[in-house]
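[1] Build the 3D model from these lines:
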Amino acid sequence: MTVGHVARAIEAIGIPTVNIYIEAFRPDAELLKPARTLVTPNLMGRPLGLPHRRERQMSVIRAALRLLETADHAPIIETFPS
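    Okay, here's the model as predicted:
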């Protein structure tokens, strides 16, 4: 939950943020309501995906950056496809 609190503080000073959560922490994101959240189906401790899966990790990062660019309202929670 600390990540959500830090993101809200950073947003409060005018710097946009994106949080990447795993599905297990979706309820926390819904409670904290950070401005932009990408939820992935990955394992605990690996929100970008498994080690050495560069393409998968890059696709999660790209999705997060798109969310940063395109989100027109906050809070928004988007789900990364499996």
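[2] Mind jotting down where the helices sit in the protein?
    2-12, 26-32, 54-70 (DSSP state H).
[3] mean confidence for the last one?
    Meaning helix 54-70. For helix 54-70, mean pLDDT rounds to 94.
[4] Run through the neighbouring helices and strands of that helix.
    Secondary-structure packing of helix 54-70 (3 or more Cβ pairs under 8 Å, 6 or more residues apart in numbering; DSSP states H and E): strand 36-40, strand 76-79. (C-beta placed from N, C-alpha, C; glycine too.)
[5] okay, those, which one's buried deepest?
    Greatest average neighbour count among the helices and strands packed on helix 54-70 goes to strand 36-40 (a mean of 23), per mean count of other Cβ atoms under 10 Å.
[6] That one to helix 2-12, inter-axis angle?
    150 degrees (axes from the mean of the first three to the mean of the last three Cα atoms, to 10 degrees).
[7] Same list (the helices and strands packed on helix 54-70) but as CSV, adding distance to residue 11 and mean pLDDT.
    CSV is the format used below for those (distance: least, Cβ to Cβ, whole Å; pLDDT from 0 to 100):
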stretch, distance to residue 11, mean pLDDT
strand 36-40, 9, 96
strand 76-79, 12, 95
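[8] Figure out which of those is closest to residue 23.
    Residue 23 sits nearest to strand 36-40 of all these, at 5.7 Å, using Cβ to Cβ.
[9] Could you give the bridge partners of the most centrally placed residue in the chain?
    In the chain, the centroid-proximal residue (Cα atoms, centre = their mean) is residue 20; its distance is 2.3 Å. Note on residue 20: beta-bridge partners residue 38, judged by DSSP bridges.
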